[in-house]
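**Student:** Sequence unavailable; structure follows:
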């Protein structure tokens, strides 16, 4: 196995890899990755692990045979000890205490990286932005934040620009429920047209079968499918009953459905576009609009397509919405779409595809952590 050729290909695929060493671990390639933080900052990327994984490791894995796939990776950084000792002022104490409340990691130092060391994610970032704005009178966004993802840099920025110091506790659940000056764009006739056009084709080409539609209630709900292919959203759209489809909105990434090719479809397809590295707060608030208006929301709990046909970790945002708006989650199992159109392929293959809507999971008395777990377990149990 030529490990150097794997390294070379990773450099070619991902401009945000500064150094990479591929070693053998249990007879499979394992990548040790040093990110190019300067390039990441210039691109305003704040979800570093996702960027390196999906546009480096997973893109490579899509090109090669199973025995050459990278089975694991670790993101490394040279954690330089700060030349300055931790400040003893009230401002730093407030920032540090709040970061501890967000992170499950025990170690937090002046040189800690907010994502790679403390494990903060998009939900944490939104909460942190609002905390800084309310506690220090200092607005902050992703483009600014991408330049200061080290605790020391964040502190120095706040220290230099703050208007006042007044610790204000914030809650992500309250943030996403804030009023948003935006209305849903309804396209019921186009949605029905898409369904009428797609369903016969999918039934013929993919021998599509669907079951469990009786589990979809006639009131607001969250439809949470497994995600293996670009086809999945279109498959769900094609099988929903007309009455349900007219009141259903889809959450999708702008990087995919905001392109010239797909933008016309998303603009007239009751689709809410979100960006993982830009306008996070607004993106999350937009996702609440269907539920606030008594409509349905289709959201993929994994947050990304599986590149190997296996379930990814479920992100809890959908469960948080279920809990806050008291709407049930309908887990959905999609089988066959990965074989029909795996990531990286353009032309679908005629593989049999099945869709199964499972029994609703009601949020009554459940935490969003429990809702997330139950949804994943339900899908995993019913996978074909």
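**Tutor:** Cool, got the structure. Quick caveat: nothing in here was measured; it's all calculated off a predicted structure.
**Student:** what's the neighbour count on residue 313?
**Tutor:** 11 (other CB atoms under 10 Å). No exception for glycine: its C-beta is placed from N, CA and C like everyone else's.
**Student:** do the same with residue 282
**Tutor:** 14.
**Student:** Over stretch 296-306, what's the mean pLDDT, rounded is fine.
**Tutor:** For stretch 296-306, the mean pLDDT works out to 90.
**Student:** oh, and call the first residue 472 from now on, that's how I've got it
**Tutor:** Shifting the count to begin at 472 puts that one at stretch 767-777.
**Student:** Give me the contact list for that stretch.
**Tutor:** By CB atoms under 8 Å, 6 or more residues apart in numbering, the surrounding residues in contact with stretch 767-777 are 521, 525, 691-701, 703-704, 707, 715, 718-722, 758, 761-762, 782-786, 788-790, 792, 809, 814, 843, 846-847.
**Student:** what's the span of that stretch from first residue to last?
**Tutor:** This stretch, stretch 767-777, spans 24 Å end to end (CA to CA, to the nearest Å).
**Student:** Stretch 716-729: which residues count as buried?
**Tutor:** Buried residues in stretch 716-729, counted by 16 or more other CB atoms under 10 Å: 716-725, 728-729.
**Student:** Also stretch 558-575?
**Tutor:** Going by neighbour count (16+ other CB under 10 Å), the buried part of stretch 558-575 is 558, 562-563, 565-567, 569-570, 573-574.
**Student:** the bottom helix or strand of the protein by mean pLDDT?
**Tutor:** None of the helices or strands of the chain scores lower by mean pLDDT, DSSP states H and E than helix 725-728, at a mean of 74.
**Student:** Quick check: the closest residue to residue 744 other than its chain neighbours vs residue 733, distance?
**Tutor:** Counting by CB to CB, 6 or more residues apart in numbering, residue 744 lies nearest to residue 725, which is 4.1 Å off, once chain neighbours are set aside. Between residue 725 and residue 733 the distance is 10 Å, computed by CB to CB, to the nearest Å.
**Student:** swap in residue 622?
**Tutor:** When distance is defined by CB to CB, residue 622 is 39 Å away from residue 733.
**Student:** The two: which has the busier surroundings?
**Tutor:** residue 622 (23 against 16).
**Student:** What is the neighbour count of the closest residue to the more buried one other than its chain neighbours?
**Tutor:** In space, and not counting its chain neighbours, residue 622 is closest to residue 583: 4.9 Å by CB to CB, 6+ apart. Using other CB under 10 Å, residue 583 has 22 other residues around it.
**Student:** Next: the one 5 residues further on.
**Tutor:** With neighbours defined by other CB under 10 Å, the count for residue 588 comes to 19.
**Student:** Show me where the chain has its strands.
**Tutor:** In the chain, the strands defined using DSSP state E lie at 488-496, 499-506, 543-546, 680-682, 693-696, 719-724, 742-745, 767-769, 800-806, 825-828.
**Student:** Just give me the lowest mean pLDDT stretch among the ones you listed.
**Tutor:** Mean pLDDT is lowest for strand 742-745 out of the strands of the chain, coming in at a mean of 88.
**Student:** how about low-confidence regions in the stretch 572-721 of the chain?
**Tutor:** Residue ranges of the stretch 572-721 of the chain with pLDDT under 70: none are present.
**Student:** Could you measure from residue 627 over to residue 563?
**Tutor:** Going from residue 627 to residue 563 by CB to CB gives 10 Å.
**Student:** now swap in residue 496 and tell me
**Tutor:** 40 Å.
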